[in-house]
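> give me coordinates for this.
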Amino acid sequence: MENITPIKELELYIIRHGQSMGNAGYDRTDLTETEIHDPILTQKGIEQADKAGRYLCDVEFDYIFSSAMLRAVQTATGIIKYQKKAKTLNILPIVCEMGIPAEYLGVTMDELKKINPEVILAPDVSVDTPMIYHTGEEEDTFERARTALEYICSRYKNGEKVAVVSHAAFITYLVFSLMGYDKAPLFDIDFHNTGITKVVFYKKDTNKYGDIVFEKIDDTAHYMIEG
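Predicted coordinates:
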């Protein structure tokens, strides 16, 4: 093992969206279903996304994904703005937040294009795929997390850098799944708005520290960027 050169298959950056109106707390009286269940970023959230983009500007992402929820698309768009080359935003609905009520079906791709004209459905995602997943039970959410990870890991094995912008509760299940849990452990992780978790996947048995290595969990160093 000591003489084997580690071979990176994938660098995965899992990023929580910026502060939303829902995070900040607001009067829900007379709001639409979209405003209640799919809130947009606050001004602070927009600034957080901007700082995250500046912080990650030297990471040349090969692919950038987000959920189909407005705050995630806004955040991903803020990050894309600082990439050195133009990037398409891939919508991957399966990484949406937990606990969304069944009556809320999400917004359309046309509405998402008002935020980012370059959004497309992620590869092999059918136009019939729901924009919102309504599973809220632990077992179902673990299964959704594993499916999302399989989607990414089965496609990118040649050292690609991939960003996924998602939501705090669902990110928790992604991370627990990567840690090998199939049910929630007796601890939690507090993912902050635009917190960045970097996970590196190595070709099996080429890295003495393991095939899956967490290099960062909930990194918020970009909060210190001025302006």
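> where does Lys161 sit: helix, strand or coil?
Three-state assignment for Lys161 (DSSP: H, G, I helix; E, B strand; the rest coil): strand.
> so what's it up against?
Under the criterion of Cβ atoms under 8 Å, 6 or more residues apart in numbering, the neighbours of Lys161 are Glu11, Tyr13, Val59, Glu60, Phe61, Asp62. For every residue, glycine as well, the C-beta is placed using N, CA and C.
> quick check, nearest of these to Gly45?
Closest approach between those and Gly45, by Cβ to Cβ: Tyr13, at 18.2 Å.
> that closest one contacts Gly195, doesn't it?
No. Shown here, Tyr13 and Gly195 do not form a contact pair, counting by Cβ atoms under 8 Å, at 10.9 Å.
> drop anything exposed from the contacts of Lys161.
Taking 16 or more other Cβ atoms under 10 Å as the criterion, what is buried in the contacts of Lys161 is Glu11, Tyr13, Val59, Phe61.
> circling back to that earlier point, quick check, nearest of the contacts of Lys161 to Lys87?
For the contacts of Lys161, the nearest to Lys87 is Phe61 (6.4 Å; Cβ to Cβ).
> need the contact list for that closest one.
So Phe61 contacts Tyr13, Gln83, Lys87, Lys161, Val162, Ala163 (Cβ under 8 Å, 6+ apart).
> quick check, central residue of this structure?
In the chain, the centroid-proximal residue (Cα atoms, centre = their mean) is Val165; its distance is 2.3 Å.
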